[in-house]
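Provide a 3D model corresponding to the input given below.
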Amino acid sequence: MYKLVKIILFCCLCFNATVSNAQYDEYIKSENNRLNAAQQTEIEIQNFIRDNFNKYKLSLEINDKIIHHLKSEDEFSDAELEQAKVEAKKYELRKLYFVQNPDKKEDFLAKVLPTALQTQCVNGDFENGTAGYSFWSDAHPQPASGIAFFLSCATPTAQTATNVIAPAVNNWNSTINLVSSTSPGYQMFDPVLASFGVNIPTLPSNGGTKCIKLNNTAGLGSSDLSTVSRYFPSINQPTIDFNFSLIMDNKPAHGQDIQPYFRVRVLDQNHNVVDEMCIIANPDNCLFSKIDISNDRRMLYTGWICARLNVQDILNQPGTIEFSVSDCQPSKHFGTVYIDNICGTTCATPQLGSLNLNPTNINCPDTVSNTPIQVCGTYQSPVNASLGTITLDIIQNGTVVATINAPTQITANTFCFTVLPSQFGALPSGDFEFDIHATFNVNCSAGTFVYDLYDHSANLGPDVTFDNCCQATLTLTAPADNSNNLAPVANLTKERSDWIKATNIISVGNNQQSLGVVYHATNYVELNPGFEAVSGAQFAAYPEGCSGNFTYKTNIPIKEAPLEAASADDTVNLVKTINGFTIVPNPSSSSVEISMKDELFNKVSITTIDGKTVFEKAIDTTNTAKVDVSNYANGIYIINVTSEDGQLLTEKLIKN
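Residues are numbered from 1 along each chain as shown. Here you go, the predicted structure:
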């Protein structure tokens, strides 16, 4: 019997493995079909840009006067400025294509894994191409985007209907490039570094035959921020390890706030940042090797290294990892990165170290006895670095409530802080988060560099909450619960996490609003028959949870939902070019018909060759109009037409 059970169990395992393999193959096949469709769409986009390039011009937001601000940011030649306008126009035409073909976006978005594969690292090393990944690039054309878009590591990015990209293969000039040693055009070493005599492999030694490269090295007029995103339906390991090789152009005269940067972050299902790392082009960072190119330019690079993000906070929950790299703000200096082995690998020694708070979920700490709370975690120093400081912030709604400057316990890789409930405030209410910050010092040829590591929040949701710390309900009756405005504060104010029902009496003791009687509860305050606030008494009741805040409110404003802001990325900054109008017949001795093929006009005027106006008339908006010229002397005239959008167009008429 025992053998029979083992045989049956073995067969079940084999069957499940077969099903899983079949689903894996089907998923990869489906993703490859999607990617093929995206590649075909990329061809259509390039054809659309070519066919429409002369039919549109950049709108007023991207004009010659504004674009010259680049000269104050960097040494742009006139030719480079013209190229910047060309690139900006191509970018706007790409957006226009997606506006006109919104259904095409779906081919650029990775499909969700089947349930049976959700705990597996499917195609973590790009060996099946880019199946499972989505790509986009925010091309911030100068000067349309000005400088407001650039917030360094805090610069926002998100997929829109118009910024999705399909990767090319071994195209080193493309924004997104799938590096493949098995395809034509493969280069073993990064071509930019190789041109300076430095050979850095485009594939890591443990990375197989493929990896992804974000951003090109063009710059010049478009500060590109390119992103690859991977969605995990279920995070099944406490860390996500990966390999990257970073190359950044660097100008000494630029401040750190506008240099190229590389950012990696993990987002939870509500798009909150779980963990994040960001590297800004900085020659003082011991992570970089340096090539001095000229007095005002140098190249920084890392070679292949491994890094780690902590995702323990969202174990067995959905999450998304995003890799982004950006050019500098003025756009002339590039940032580019190679990425591989996003999941399924272990980084034994993370080059940049790691820092993690243990999950903490505390409800209503003991504020009466001020019983201490232990907040602990783990850390790993960056390579060749030593620990400097570890501090813990208590944060509510983005504001630091308290800071604890040193742990009470620390070992070679663990720490613990003792937190007192009194450190949350005198009357704490609502939700609080713990943020940990550690500094590590590393020495190299550039000097001593300080690495800053953070872990924002110990887990998904609040780390500590004071919601519902009071009782749920309260019934107030006369005469025991009667009160007046001179009563002690304990009798003046009441709060509950659910409801309050009152049949008591509030009388006058002091006619100052600041000493009013206040009742509030999360769901409702019910004033039943028998309740009375006598004339002159100061009383307020309103819906609010156990906040500990008893503001006497005489007027409770009604909050209106904010209007949803339009996405700037979906706004196409183009104006269709009017190629002119026709005059038939021309020459003419009697009347002529003025026609526009694709546009409308609402005003016509005729002047002599020396500028004297002989005819001018505003007309109903139309695409054709007839004008009698039989009474005009023979000669050459100028017909002026004002288009519907205000453009003035001219053509010559010969009167005979």
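
the nearest residue to Val99 once chain neighbours are set aside sits in which helix or strand?
Closest residue to Val99 apart from its sequence neighbours, by CB to CB, 6 or more residues apart in numbering: Val572 at 5.9 Å. In this view, the C-beta of every residue, glycine as well, is placed from N, C-alpha and C. Per DSSP states H and E: Val572 is located in neither a helix nor a strand.

Val572 and Ala161: what is the separation?
Relative to Ala161, Val572 is positioned 11 Å away (CB to CB, to the nearest Å).

for this structure, just list every one of the helices.
In order along the chain, the chain carries the following helices (DSSP state H): 2-52, 64-67, 70-73, 78-100, 191-194, 489-492.

contacts only, for the residue nearest to Val99.
By CB atoms under 8 Å, 6 or more residues apart in numbering, the residues touching Val572 are 92, 95-96, 99, 162.

on that earlier part again, now do the shared contacts for Val572 and Ala161.
Residues touching both Val572 and Ala161 (CB under 8 Å, 6+ apart): Val99.

where in the stretch 151-300 of the chain is pLDDT low?
Filtered on pLDDT under 70, the stretch 151-300 of the chain yields the residue ranges 219-220.

80 instead?
Applying pLDDT under 80 to the stretch 151-300 of the chain flags the ranges 218-221.

can you pull out the strands in it?
Listed in chain order, the strands found in the stretch 151-300 of the chain under DSSP state E, counting those that start in this stretch are 168-169, 176-180, 210-214, 222-232, 239-250, 261-268, 273-280, 289-294, 297-310.

any chance of the ones you listed in TSV, plus mean neighbour count?
Putting the strands of the stretch 151-300 of the chain into TSV (neighbours: other CB atoms under 10 Å) gives the following:
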stretch	mean neighbour count
strand 168-169	18
strand 176-180	23
strand 210-214	25
strand 222-232	24
strand 239-250	24
strand 261-268	22
strand 273-280	20
strand 289-294	13
strand 297-310	20
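
make a markdown table out of the ones you listed and add distance to Asn33.
Converted to a markdown table, these look like this (distance: least, CB to CB, whole Å):
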| stretch | distance to Asn33 |
| --- | --- |
| strand 168-169 | 17 |
| strand 176-180 | 16 |
| strand 210-214 | 19 |
| strand 222-232 | 19 |
| strand 239-250 | 27 |
| strand 261-268 | 28 |
| strand 273-280 | 32 |
| strand 289-294 | 42 |
| strand 297-310 | 31 |
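
what's the closest non-adjacent residue to Gln351?
In this structure, Gln351 finds its nearest non-sequential neighbour in Ile305, 4.1 Å apart by CB to CB, 6+ apart.

contacts only, for the one you found.
243-245, 287, 351.

so how far is Thr360 from Leu387?
Noted for Leu387: a distance of 22 Å to Thr360, by CB to CB.

distance check, Asn47 against Glu106.
Asn47 sits 20 Å away from Glu106, going by CB to CB.

so how far is stretch 205-216 off the chain centroid?
23 Å (CA atoms, centre = their mean, to the nearest Å).

just the C-alphas of it, formatted as CSV.
Taking Å, rounded to 0.1, in the frame of the first residue of the first chain, the C-alpha atoms of stretch 205-216 are listed here in CSV:
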residue,chain,number,x,y,z
SER,A,205,30.1,36.3,-16.9
ASN,A,206,27.1,34.6,-15.3
GLY,A,207,24.4,36.1,-17.6
GLY,A,208,24.1,33.7,-20.5
THR,A,209,23.6,35.1,-24.0
LYS,A,210,21.3,38.1,-23.4
CYS,A,211,20.8,41.2,-21.3
ILE,A,212,19.0,44.5,-21.6
LYS,A,213,20.5,48.0,-22.2
LEU,A,214,18.6,51.1,-21.3
ASN,A,215,19.2,54.5,-23.0
ASN,A,216,21.5,55.3,-25.8
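
what residues are up against the closest residue in space to Gly185 that isn't next to it in sequence?
If the residues on either side of it in the chain are set aside, Gly185 comes closest to Asn170, at 3.4 Å by CB to CB, 6+ apart. Each residue near Asn170 by CB under 8 Å, 6+ apart is listed here: 177-180, 183-187.

same question, Val266
Val266 neighbours (CB under 8 Å, 6+ apart): 240, 273-276, 309, 311, 314, 319-322.

name the nearest residue to it, sequence neighbours excluded.
If the residues on either side of it in the chain are set aside, Val266 comes closest to Val274, at 4.5 Å by CB to CB, 6+ apart.

could you do Asp498 as well?
Closest residue to Asp498 apart from its sequence neighbours, by CB to CB, 6+ apart: Ala472 at 4.3 Å.

over to Asn356?
Once flanking residues are discounted, Asn356 sits nearest to Asn310: 4.1 Å by CB to CB, 6+ apart.

quick check: Thr391 touching Phe415?
No. With contact defined as CB atoms under 8 Å, Thr391 does not reach Phe415; the gap is 10.5 Å.

looking at those two, which is more packed in?
A count of neighbours by other CB atoms under 10 Å puts Phe415 above the other of Thr391 and Phe415, at 22 against 15.

any idea what that one is bridged to?
Beta-bridge partners for Phe415, by DSSP bridges, are Gly377, Ile410.

in this structure, what helix or strand scores lowest on average pLDDT?
Taking mean pLDDT, DSSP states H and E as the measure, helix 64-67 is the helix or strand of the chain with the lowest mean score, a mean of 50.

Thr155: neighbouring residues, count only.
By other CB under 10 Å, the residues close to Thr155 number 17.

can you check the one 3 residues further on too?
The tally of other residues near Ala158 (other CB under 10 Å) stands at 13.

go on, Gln120?
For Gln120, using other CB under 10 Å, the count is 17.

cool, and Asp645?
By other CB under 10 Å, the residues close to Asp645 number 11.

touching, Lys504 and Thr477? I think so.
Not quite, residue 504 is Asn, not Lys. Yes. Assessed by CB under 8 Å, Asn504 is found in contact with Thr477 at 5.9 Å.

circling back: determine which two of the contacts of Ile305 are furthest apart.
Farthest pair in the contacts of Ile305 (CB to CB) is Asn243 and Leu287. Separation: 14.0 Å.

check contacts around the residue nearest to Asn356.
Asn310 neighbours (CB under 8 Å, 6+ apart): 238-239, 274-275, 354-356, 455.

repeat the analysis, applying 10 Å as the threshold.
238-240, 266, 274-275, 354-357, 377-378, 455 (CB atoms under 10 Å, 6 or more residues apart in numbering).

mind pulling up the pLDDT for it?
Per-residue confidence (pLDDT) for Asn310: 89.

so what's it bridging to?
Beta-bridge partners for Asn310, by DSSP bridges, are Thr239.

how close does the closest residue to Ile212 other than its chain neighbours sit to Met248?
Among residues not flanking Ile212 along the chain, Ile339 sits closest, at 5.1 Å (CB to CB, 6+ apart). Going from Ile339 to Met248 by CB to CB gives 15 Å.

what residues are up against the residue nearest the centre of the chain?
Taking CA atoms, centre = their mean, the centroid of the chain lies closest to Thr157, which sits 2.7 Å from it. Counting by CB under 10 Å, 6+ apart, Thr157 touches 136-138, 163, 225-227, 229, 263, 322, 324, 326, 569.

swap in Ile373?
If you count contacts by CB under 10 Å, 6+ apart, Ile373 has them with 360, 362, 365-366, 417-421, 423-424, 434, 463-464.

which ones among those residues map onto strands?
The members of those that map onto strands under DSSP state E are 362, 417-419, 434, 464.

ok, Val508 - how many residues close by?
Considering only other CB under 10 Å, Val508 is surrounded by 14 other residues.

can you check Ser77 too?
10.

can you check Asp431 too?
Neighbour count of Asp431, defined by other CB under 10 Å: 14.

who does it form a beta bridge with?
Beta-bridge partners recorded for Asp431 (DSSP bridges): Thr465.

again, but for Phe323
Val228, Val264.

contacting residues for it?
Residues near Phe323 by CB under 10 Å, 6+ apart: 133, 212, 214, 226-230, 242, 244, 262-265, 337, 339, 342.

quick one: it from Thr336, how far?
Phe323 sits 12 Å away from Thr336, going by CB to CB.

likewise Asp620?
56 Å.
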